[in-house]
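1. Provided below are the primary sequence and the corresponding predicted coordinates.
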Amino acid sequence: MYFRLNPECYFIRGKKCGAILDLIDERVYALDQEETEILTSCEKNNPVSKDIKFLQELKNLRLGNFYPNKIYMQKLKAGSKLMEDQIGNPPKLYRAFLEINNSCNNDCWYCGFHGIKRSLSCMGCNKWDENGINLTPERWKDVIDELRDLECKNIFITGGDLTLEWDKTMDIIDYANGKFTNISVTINQRNLSENILKDIGDKANLVVQTDDLNSIKDMHSNFTYLLVIKPENLEESIIDSENIMVDFVIEKDNLEHILPLISKSDIPSVNVYQFLNNLEYHPCIGNTLTVCHNGDIISCPTMRNYIFGNVSDVGLYTIFKDKMEKIDEFWKLNLDKIEKCTNCEYRYACPDCRSLEESITGKLNGKTLCRYNPEDGEWINLEESITCK
Amino acid sequence: MLEFETLEGNKYAWDDNIGLFIPFPTVLKALINEISSHKSVSRDNIVERLKSNFPEEEIAFYHDWIKKWEKLSPQTDNQPIHQDSSISKIKYETFRYGLSNLILGVTEDCNFRCKYCVFSDYYEYSRSHSDMYMDFTTAKKAIDYYFSLLDEGHRYNPLREPTISFYGGEPLLNFELIKKCVEYSNNKFDNYKIKYTITTNGSLLGEKKAKWLMEHDFTIAISLDGPEKEHDRNRVYKNSEKGTFKDIMKNISLIIDSEYEKIFSAPVYDWKSDLFKLEEFFNRKDIPFLGDVSSVNRHVEGCSYFEQFTEEDYINFMTQFKKAREYYCKFINQKKAGSFFYHMAIEPIEREFIQPVSIYPPDTLIPYTTTCIPGKKIYVNVNGIFYVCERVNHSIIGNVDEGLNFEEIKRLMSNYHNKMDKCHTCNLKRKCGYCYDQFETNNGFSCSSKVCENEESNKKNIFIETFIIAENYPEVVDMSYGYKNIKKFYGE
């Protein structure tokens, strides 16, 4: 007999162990070394006994089946490599951050201004110690049109404090309204008001940044909270709340607490679109650009030192034309190119924060915030550390 | 579902809903029939109904698998898809994905009379050779207009690089025009990095012309069909029927000797070709690297070229073809990328696996076939008329004085769509590789019900051949996915 995984199930091997990625049910199955070797042999179309319990188990999970002859199993995919890889196709820009100001009168302890690193800093507001003249509202509108023409799907409007010049902010939100699949706007909770909520209405998804755990217990269901918190202060009940994104503060001297960004209990799931994207692109900074307050173009909003160009005087498309190779160095920094991850069976399922990893390791392809050692196929046991996502 | 079975006895089906080949054992087929005829029937009921014919665990497995796939499958009801061809949408697609190439047909004259030429009498609906030549005024207008479109389209696709191609007849018969065009474009549009290509029969490539083309970084496609006997069988001079091989070889030797890399061969074969001799020939170091390899195109309305061949010719060809494919697969690790066998026999197999666009719903602009949106490239004939491409003769989309006529493009797309009368019931929608070329006649387009009459049975045979290779040489197919990192720890 022969055993083959179904078309929707990809078998990814790490250096020692393997994983099955079920792209329809969006589940990841971790295999031990013995299971990995059995499945490797099966996927290479070698004959196998039907009595192997592990394979029966896979069949019961509806992940694969036995066949009397050698067969060829085409794997599930989306799109066509042939068409996508055509030279001269436009860039695949899916997501853009628009930092429409860099002013703020608050002095939040967790702000990027103080050099604080957070796991979802990109989604929040930050003030940066940077020079440069802010883009004008008219230029922001041009940028919005340029993003639309490049078929960007999702935009995130951030600051600074967007409420300082609220009319200007609303002018830009109104202009962007209807041009993108999703528009998100980030505002600090302390600047929120009923009028602001009313103005935004259905025009954008509101992300409210706060470090006040108590305040979100009476939470407003119409928007998403971005809760800034130190890992040791997190309450278990918060993790599973639908409208809360947890934004961990990362500090070099408490890395042991922070390590569980990737942990055995939290192997991420992946769907077919994410998986295929991850084969080629970085799971986060891939297909992403940030337009800074002064017109600088960078990839991740928090990786301020890697500037591709400036759109104060030229169109965004000019940056693509002149700097695509450089942009691709970031976009295509998939986990095959990250040290440690390159040997890991979860490399096409895992998220990864390049900004944090780079700031901790000092290397663009460094990796620390993970509990798994793919060389040995073992999870680092830190039971005493907190159980958080 | 289009079902087929390989020699090993494995049953597969092409699932056009998802755009994927799947194993299709008898039990799965029975289950699908059962589910479709009893809509809300439970798994236990189905097991009960089918258990006399199939093992219960197999019925349960495939039942659950079908249900799992329903989460993904965009179930279609085989109703015709409404075409949305608004001019704004056509324009947007053209600016974003089109304008890849300006093809200047600089002359309709040719010093060859190749027997399979699309402008020969074998092709009822194509134009004939003529002595007409394009003038610089026309070429200049076309170039100016092309760059005006590129300027406008830049914001939609900043990565597009302009390409100007020179086509004929034999384009080198109008070499002075080519020189003027290149000089003009390089001077006026120096903010672009322009690529130039030429498709030539090679007979007029004297030293001066060859040097000039190399100096201007041309990609040169030479129509060279193989060794002398093979080449001269079809490619002969206009007035003498004399073979052309020796003259071409003499001319290209200068380019090959100078180690210029942008020259490639574009051979055409038919049912009389000696494939093993072609493989040997194109492996020679003094022969330009292989680019496009194509069979004489018989899937064109009004083509009678193949009527000259006997059944024996066809059988001999197919025997050779299969041997060639087997040979390539066995020695894949030793083969160079430039293998004739690869281009002829393996590339089509790879395409079966990588071409279809899976899962995503069909494009409403062109719901059927894979024809391009007119404007993807622009072919300009000697009189400055714009056509959809160099291979079609009647689909006019504008001219050098008025530019692209988007109303006309819309009408053309609509006429084409209206003739796709069979497509919505076709089991090969996502597999279709046809375009205007296959449907065009002197009086508009033929219906797909006529052109594609035997398509499903033809394709079924191709699928069987494809899967015989895939089952025995999976590495040949897997390489084509381009995802080599997936298997990086699989070992040998």
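-> All right, it came through fine.

2. for the longest helix that chain B contains, packing partners?
-> As assigned by DSSP state H, the longest helix anywhere in chain B is helix B:311-330. Applying 3 or more Cβ pairs under 8 Å, 6 or more residues apart in numbering or on different chains; DSSP states H and E, one finds that helix B:311-330 contacts helix B:275-282, helix B:340-341, helix B:455-472. (Glycine included, C-beta is placed from N, CA and C.)

3. how about those helices, which one is nearest A:Phe248?
-> For these, distance to A:Phe248 was read as Cβ to Cβ. The smallest value, 47.0 Å, belongs to helix B:455-472.

4. Just the buried positions in that closest one, please.
-> By neighbour count on 16 or more other Cβ atoms under 10 Å in any protein chain shown, the buried set for helix B:455-472 is B:Glu455, B:Lys459, B:Lys460, B:Phe463, B:Glu465, B:Thr466, B:Phe467, B:Ile468, B:Ile469, B:Ala470, B:Glu471, B:Asn472.

5. contacts for that helix?
-> A:69-72, B:2, B:4-8, B:10, B:12, B:14, B:21, B:325, B:329, B:346, B:348-349, B:352-353, B:426-428, B:431, B:476-477 (Cβ atoms under 8 Å, 6 or more residues apart in numbering or on different chains).

6. if we can go back for a sec, in the longest helix of chain B, which residues are buried?
-> Result for helix B:311-330 [16+ other Cβ under 10 Å]: buried residues B:Phe317, B:Gln320, B:Phe321, B:Ala324, B:Arg325, B:Glu326, B:Tyr327, B:Tyr328, B:Cys329.

7. Could you measure from the fourth one over to A:Ser215?
-> According to Cβ to Cβ, to the nearest Å, B:Ala324 and A:Ser215 sit 73 Å apart.

8. same question, the last one
-> Shown here: B:Cys329 relative to A:Ser215, a distance of 67 Å by Cβ to Cβ.

9. Stretch B:98-113 near chain A anywhere?
-> Yes: judged by Cβ under 8 Å from any Cβ of the partner chain, stretch B:98-113 comes into contact with chain A at B:Ser100.

10. From one end of that stretch to the other, what's the distance?
-> 33 Å (Cα to Cα, to the nearest Å).

11. next one: it to chain centre, how far?
-> Mean C-alpha position of stretch B:98-113 versus that of the full chain (Cα atoms, centre = their mean, to the nearest Å) differs by 18 Å.

12. what's the answer for stretch B:422-432, then?
-> 18 Å.

13. Over to stretch B:448-464?
-> How far stretch B:448-464 lies from its chain's middle: 17 Å, per Cα atoms, centre = their mean.

14. Kindly check the end-to-end length of it for me.
-> End to end - Cα to Cα - stretch B:448-464 spans 24 Å.

15. Pull out the buried members of the contacts of helix B:455-472.
-> Buried among these (16+ other Cβ under 10 Å): A:70-72, B:2, B:4, B:6, B:8, B:10, B:12, B:14, B:21, B:325, B:329, B:346, B:348-349, B:352-353, B:426-428, B:431, B:476-477.

16. Mind checking which of the residues you listed are in helices?
-> Checking these against DSSP H, those in helices are B:Arg325, B:Cys329, B:Pro348, B:Ile349, B:Glu352, B:Phe353, B:Val476, B:Val477.

17. Leaving out chain neighbours, which residue sits closest to the first one?
-> Read it as B:Arg325. B:Ala345 (3.9 Å; Cβ to Cβ, 6 or more residues apart in numbering or on different chains).

18. show me where the stretch 101-250 of chain A has helices.
-> A:137-149, A:166-176, A:194-200, A:236-239 (DSSP state H, counting those that start in this stretch).

19. ranking the ones you listed by burial, who's on top?
-> Ranked by mean neighbour count, the helices of the stretch 101-250 of chain A are led by helix A:137-149 with a mean of 19 (mean count of other Cβ atoms under 10 Å in any protein chain shown).

20. Which strands or helices does that helix pack on?
-> Counting by 3+ Cβ pairs under 8 Å, 6+ apart, helix A:137-149 packs on strand A:95-99, helix A:166-176, helix A:316-331.

21. hmm, 6 Å instead?
-> When contacts are defined as 3 or more Cβ pairs under 6 Å, 6 or more residues apart in numbering or on different chains; DSSP states H and E, helix A:137-149 sits against helix A:166-176.

22. Alpha carbons only: can I get the helix it packs on in PDB?
-> The C-alpha coordinates for helix A:166-176 follow below in PDB (Å, rounded to 0.1, in the frame of the first residue of the first chain):
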ATOM      1  CA  TRP A 166      -9.300  66.200  14.200                       C
ATOM      2  CA  ASP A 167     -10.700  68.100  11.200                       C
ATOM      3  CA  LYS A 168      -7.700  67.200   9.100                       C
ATOM      4  CA  THR A 169      -7.800  63.600  10.300                       C
ATOM      5  CA  MET A 170     -11.500  63.300   9.300                       C
ATOM      6  CA  ASP A 171     -10.800  65.000   6.000                       C
ATOM      7  CA  ILE A 172      -8.300  62.200   5.200                       C
ATOM      8  CA  ILE A 173     -10.600  59.500   6.500                       C
ATOM      9  CA  ASP A 174     -13.400  60.800   4.400                       C
ATOM     10  CA  TYR A 175     -11.200  60.900   1.400                       C
ATOM     11  CA  ALA A 176     -10.100  57.300   1.900                       C
END
